[in-house]
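> let me see the structure of the following:
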Amino acid sequence: YRAMGVGLAQAINAFKATTEAAGIPNTQDGVNKIVEAFRRLPASIEVLQQFRANDRTKLEIADERDLQDFVEAVLKCLAADVRKEEYSPSQAGASSRIDFYLPELECAIELKYVKEAPVDSKVGGELNIDYQRYGARPNLKHMIFYIYNPNRCIRNPVGLERDLTRIVSGISLQTVVSPQ
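Now for the predicted structure:
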């Protein structure tokens, strides 16, 4: 780029502008928006669990199924095509389902609901197994692991995020634990 008199930052900005003008989504920007939404999710849940006018029903997130329903609603605000419980390629004769797949972002999302301690190593192990199951999926560039930790059972949420956020075989793995 320097030989052409263009700095790397200028080249990247030009590429982004060209892809956006062509209608090609910037998958990393989309993934970053989802990660940020997951960091804020507990605050949204808390609002809906507080007193509601006229004795309306309060939101209850009692288990992973409730969490999936709420996350699906949030994802539909952020992506046009949200596929729930999408099957992954079979391994050892069995296939499993990823919680969500967003084809426009080439992103799979797996949720975990943590109710009781201690779970750090257990959750970490489960997510490593999930990556092995879902990582073989075609058209996958990103995986987001969202760990909902309402009772703050995870002893070291920052460490767990850091340990499980990395790039493996060209797939970006991002982990969010919230609330921390």
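> tell me the helices in the chain, going along the chain?
Counting by DSSP state H, the chain has helices at residues 8-21, 27-49, 64-78, 120-134, 157-164.
> and those, which one's lowest on average pLDDT?
Mean pLDDT is lowest for helix 8-21 among the helices of the chain, at a mean of 54.
> for Ser172, find the nearest of the helices of the chain.
Closest of the helices of the chain to Ser172 is helix 27-49, at 7.3 Å (criterion: C-beta to C-beta). Yep, even glycine has a C-beta here, placed from its N, CA and C like the rest.
> reformat the helices of the chain as TSV; add distance to Tyr148 and mean neighbour count.
Listed next are the helices of the chain as TSV, based on distance: least, C-beta to C-beta, whole Å; neighbours: other C-beta atoms under 10 Å:
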stretch	distance to Tyr148	mean neighbour count
helix 8-21	32	11
helix 27-49	7	15
helix 64-78	5	15
helix 120-134	11	16
helix 157-164	11	16
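> out of those, flag the one nearest Pro179.
Shortest separation from Pro179 across these is recorded for helix 27-49, at 4.3 Å, computed as C-beta to C-beta.
> next, the angle helix 64-78 makes with that closest one.
On the basis of axes from the mean of the first three to the mean of the last three C-alpha atoms, to 10 degrees, helix 27-49 is oriented at 120 degrees to helix 64-78.
> nearest residue to the middle of this protein?
Ile144 (3.0 Å; C-alpha atoms, centre = their mean).
> mind listing what it touches?
Ile144 makes contact with Val31, Ile34, Val35, Phe38, Cys107, Ala108, Ile109, Glu110, Gln174, Thr175, Val176 under the criterion C-beta atoms under 8 Å, 6 or more residues apart in numbering.
> and the fourth one, what does it touch?
Right, the one you point to is Phe38. Contacts of Phe38 (C-beta under 8 Å, 6+ apart): Ile144, Tyr146, Val176, Ser178.
> and for the last one?
The neighbourhood of Val176, defined by C-beta under 8 Å, 6+ apart, consists of Val35, Phe38, Arg39, Ile144, Phe145, Tyr146, Ile147, Glu161.
> what distance do you get for it to Arg52?
The gap separating Val176 from Arg52 is 27 Å, by C-beta to C-beta, to the nearest Å.
> do the second one as well
In this structure, Ile34 and Arg52 are separated by 27 Å, where distance is defined by C-beta to C-beta.
> wouldn't Val177 be in contact with Arg152 here?
No. Counting by C-beta atoms under 8 Å, Val177 stays clear of Arg152, with 9.6 Å between them.
> so between those two, which is more surrounded?
Shown here are Val177 and Arg152; by other C-beta atoms under 10 Å, Val177 has more neighbours (25 against 12).
> what pLDDT does the more buried one get?
At Val177, pLDDT is 93.
> do the same with Tyr1
At Tyr1, the model reports a pLDDT of 37.
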